[in-house]
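Asks: A structural model of the following input is requested.
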Amino acid sequence: MIAFKTAAILLLAALAAARPSEDWEPEGHSHSEHTKPYHVTVVKKIGVPVPHPVAVSVPQYVKVPIPQPYPVHVTVEQPIHVPVYKVVPQIVEKPVPYTVEKPVPYEVEKPYPVEVEKKVEVPIPKPYPVHVPVYKHVYHHKGGHKH
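Replies: Numbering: from 1, shown residues only. This is a model prediction of the structure:
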């Protein structure tokens, strides 16, 4: 409602300012400008409090499953035996090394170089005929025309 009243007042002020004065004179004559005070109502804005939602922290609980003992059909000995290993230095007698024949593959050079030529056929697109219309009533070449 306040905005409507403000718009109506501004519209009236704009119409009053755009209207030509009554004692208008044509061009070339001297004229004088008259100013008249105009009362404009000032509308005070009143702030209306709008309720906004307030963020409230909600505790988020994370459930962590705790392992619980349950009966099984297999008998498990208690306590469970866990072997423990310990590194102990020991003197080991090594036998005298000896040679053993072992077949190992190795590359043998050919008596002559071998070259392999591979021929791959590359398809070349052949030109195909395109129909070009030739009109009999249109002269394509005019004789005697020089630039």
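Asks: Contacts for the strand or helix carrying Ala14, please.
Replies: Counting by DSSP states H and E, the element that carries Ala14 is helix 2-18. Contacts made with helix 2-18 from outside it, assessed by Cβ atoms under 8 Å, 6 or more residues apart in numbering, are listed as Tyr38, Val40, Thr41, Val43, Lys45. Every C-beta, even on glycine, is put in place using the N, C-alpha and C of the backbone.
Asks: switch to 7 Å and redo it
Replies: Val40, Thr41, Val43 (Cβ atoms under 7 Å, 6 or more residues apart in numbering).
Asks: Run through this protein and note the low-pLDDT ranges.
Replies: Applying pLDDT under 70 to the chain flags residues 1, 3, 15-29, 110, 138-147.
Asks: hmm, 50 instead?
Replies: With pLDDT under 50 as the threshold, the chain has no low-confidence stretch at all.
Asks: measure the residue of it most remote from its centre to Lys102 for me?
Replies: Relative to the centre of the chain, and counting by Cα atoms, centre = their mean, the farthest-placed residue is Val96 at 70.9 Å. Spatial separation of Val96 from Lys102 under the definition Cβ to Cβ, to the nearest Å is 18 Å.
Asks: Let me know the secondary structure of the residue positioned nearest the centre of the chain.
Replies: Among the residues of the chain, the one closest to the centroid is Ala55, at 31.9 Å (Cα atoms, centre = their mean). What DSSP: H, G, I helix; E, B strand; the rest coil gives for Ala55 is coil.
Asks: next one: phi and psi at it?
Replies: The phi and psi torsions at Ala55 (degrees, to the nearest 10) take the values phi -70, psi 130.
Asks: And it, how far from Tyr61?
Replies: Distance check for Ala55 against Tyr61: by Cβ to Cβ, it reads 19 Å.
Asks: same thing with Lys119?
Replies: Following Cβ to Cβ, the distance that separates Lys119 from Tyr61 is 76 Å.
Asks: cool, and Pro69?
Replies: According to Cβ to Cβ, Pro69 stands 25 Å off from Tyr61.
Asks: for Pro53, same thing?
Replies: In this view, Pro53 and Tyr61 are 23 Å apart by Cβ to Cβ.
Asks: The residue farthest from the centre of the chain: what secondary structure?
Replies: Remark: Val96 carries the secondary structure label coil [criterion: three-state DSSP].
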